[in-house]
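Chemist: Need a 3D model of the following:
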Amino acid sequence: MTKAGVIPEKWHLTKMKDCLREIKDKSYPPHPGVPYVGLEHLDSGAMDVNGCGDSSLVQSNCSSFKTGNILYGKLRPYLDKAIISPFDGICSTEIVVMDAKDNSTNQFLIYHIHSDDFVGHNVSHAFGTKMPRTSFDIIGEYLLPLPSLPEQHRIATILSTVDAAIAATDEVIAKTEELKRGLVQDLLAKGIDEDGRIRSEETHAFWEIQGMRVPVEWDVAQLRDVISEKLQSGYSGYETDENSGIRALTLTAVTENRIDISNTKYIKADPEKVKDLFIRRDDIFIERSNTVELVGLAALYEGDEPFAIYPDLLVRARANREMILPKILLESILHPKSRTYFRRSAKGTSGSMKKIDQKIIGNLYLPLPPLPEQHRIAAVLSAVDRDLAAERDHRTRLRTLKKGLMQDLLTGRKRVPLNGTGGTAGPGSQSVTACAPPPEDRP
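Modeler: Okay, the predicted model is just below:
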């Protein structure tokens, strides 16, 4: 029996150490001119390396690996860092190098390694409190149902097809985000004229004001002068249950320039004291404490229901619609120049966490186009945002599909066809005739 139930006939319940072997080859400085992979080059849950370093700059002992080896981050195993290497190289000793034995393939085992059960196994057996680690000995004790090599190949092919679709969607999202960054730079510096074209300094007059070069039709104002009420921090209380608490956003609700309403919890709070902190449509929330790179990030709430309050580490800004549209205010706060201002103004003794206060936020200078032009700018940026939202939703559906397929295929709950026919299913097992991603259904 596995957590998924009875395994199919001809599958074998085995330990990971009977499928994988640890590669213990070492490299000592000065290292050869090969790529270096550290934990920073492995993203959580990702199947591919995100880059590599220069091995000539590494002064510590390393592990060596070959193309096709599995690289698994043993530090903080809850981060779920594992890839199949696309090249030869060396890596941090915080990375376990492994390779499949004759009864298995790395392409199949990597999906078990990314499964919730495997992550949970390593987390529960990790040693060390501040810096928990796992080891190959712990990894090796993990139990998994092992199909034949042909079925392993077929399962890996199906799951890799979904991964390819996810990667393609990631690329579309990255290109669209790059397009938007360019548009924001142009639209909040040059704007759109009455003919719907981005202004050029060759045909339109510009002027310098408060360190900004903008069209002469524009003004520049500080954030505190374009909001309808004072900036307001939220409230943070002790977490409690739904029956005795008030629903509140978490700091992680500020994501991808929008409010993720799924990131909430219930806290103890006096309803009378927090009644003015319930979020409303078009509220903008700014992170006043975070890492240097993230402090000052902001998001716009576009829902209708005031279902939750917000925490103390978020600052609320409400646009004065007679002066600035909420969308324009948000994009101005997120502009690279504003991000630089917040990073330079942030304070704090912690090396990682920095803070900005309401005065710093209020002093931010913003470009202020006439309202009709703001509407034109907002329409363009909102159209790009809709495209981004559609792609992100598509990626979420693909990830959900992959998760479901992993749960079914890795346990044998559903089987894959071999040579045009389904494999012999065990008790409670079903044959899968098609497990490819669904047709493109983006809006």
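Chemist: Where does the prediction get shaky in the stretch 251-400 of the chain?
Modeler: Under the criterion pLDDT under 70, the flagged ranges of the stretch 251-400 of the chain are 256.
Chemist: All the strands of it, residue numbers only.
Modeler: Using DSSP state E, counting those that start in this stretch, the strands of the stretch 251-400 of the chain run over 254-255, 258-259, 264-267, 284-287, 289-291, 298-300, 314-317, 353-355, 365-368.
Chemist: Next, the residues that contact the fourth one from outside, please.
Modeler: This points to strand 284-287. With contact meaning C-beta atoms under 8 Å, 6 or more residues apart in numbering, strand 284-287 is reached by 249, 251, 253-254, 259, 279, 294-301, 310, 313-319, 326, 329-330, 333, 361. C-beta coordinates here come from the backbone N, C-alpha and C atoms, glycine included.
Chemist: centre of the chain versus that strand, how much separation?
Modeler: For strand 284-287, the separation from the chain centroid amounts to 19 Å (computed by C-alpha atoms, centre = their mean, to the nearest Å).
Chemist: For that strand, which strands pair with it and how are they oriented?
Modeler: With DSSP bridges as the test, strand 284-287 is paired with strand 298-300 (antiparallel), strand 314-317 (antiparallel).
Chemist: just these: most buried one?
Modeler: strand 314-317 (a mean of 24; mean count of other C-beta atoms under 10 Å).
Chemist: what's in contact with that strand?
Modeler: 223, 227, 231-234, 249, 251, 254, 277, 279, 283-288, 298, 310, 329, 333, 358, 361.
Chemist: rerun at 7 Å
Modeler: Residues outside strand 314-317 that contact it (C-beta atoms under 7 Å, 6 or more residues apart in numbering): 223, 227, 231-234, 251, 254, 283-288, 310, 329, 358, 361.
Chemist: can I have stretch 60-68 written out in CSV, keeping just the CAs?
Modeler: Output of stretch 60-68 as CSV, limited to C-alpha atoms (Å, rounded to 0.1, in the frame of the first residue of the first chain):
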residue,chain,number,x,y,z
SER,A,60,35.7,26.3,-1.7
ASN,A,61,35.5,22.6,-2.4
CYS,A,62,32.7,21.6,-4.8
SER,A,63,31.0,18.5,-6.1
SER,A,64,31.3,17.6,-9.8
PHE,A,65,28.4,16.6,-12.0
LYS,A,66,27.8,15.4,-15.6
THR,A,67,25.1,16.3,-18.1
GLY,A,68,21.9,14.5,-17.1
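Chemist: buried stuff in it?
Modeler: Using 16 or more other C-beta atoms under 10 Å as the test for burial, stretch 60-68 gives Cys62, Ser63, Ser64, Phe65.
Chemist: any idea which helix or strand carries the third one?
Modeler: It refers to Ser64. Assigned by DSSP states H and E, Ser64 belongs to strand 62-65.
Chemist: And that strand, what does it pack against?
Modeler: Where contact means 3 or more C-beta pairs under 7 Å, 6 or more residues apart in numbering; DSSP states H and E, strand 62-65 is packed against strand 26-27, strand 89-91, strand 95-100.
Chemist: Could you say which of those is packed most deeply?
Modeler: It is strand 89-91: most buried of the helices and strands packed on strand 62-65 by mean count of other C-beta under 10 Å, with a mean of 27.
Chemist: That one packs against which elements?
Modeler: Counting by 3+ C-beta pairs under 7 Å, 6+ apart, strand 89-91 packs on strand 35-37, strand 62-65.
Chemist: Neighbouring strands of it in the sheet, and parallel or not?
Modeler: Counting by DSSP bridges, strand 89-91 is paired with strand 35-37 (parallel), strand 62-65 (antiparallel).
Chemist: hmm, back to that, now the strand holding Ser64, how far from the chain's geometric center?
Modeler: The chain centre lies 28 Å from the centre of strand 62-65; the measure is C-alpha atoms, centre = their mean.
Chemist: State the next helix or strand along the chain beyond it.
Modeler: strand 70-73.
Chemist: helix or strand right after that following strand?
Modeler: In N-to-C order, the element after strand 70-73 by DSSP H and E is strand 82-84.
Chemist: how about that next one: buried residues?
Modeler: Here strand 82-84 shows Ala82, Ile83, Ile84 as buried, counting by 16+ other C-beta under 10 Å.
Chemist: with the residues you listed in mind, which one is nearest to Pro367?
Modeler: Minimum distance to Pro367 across the buried residues of strand 82-84 is 43.2 Å, recorded for Ile83 (C-beta to C-beta).
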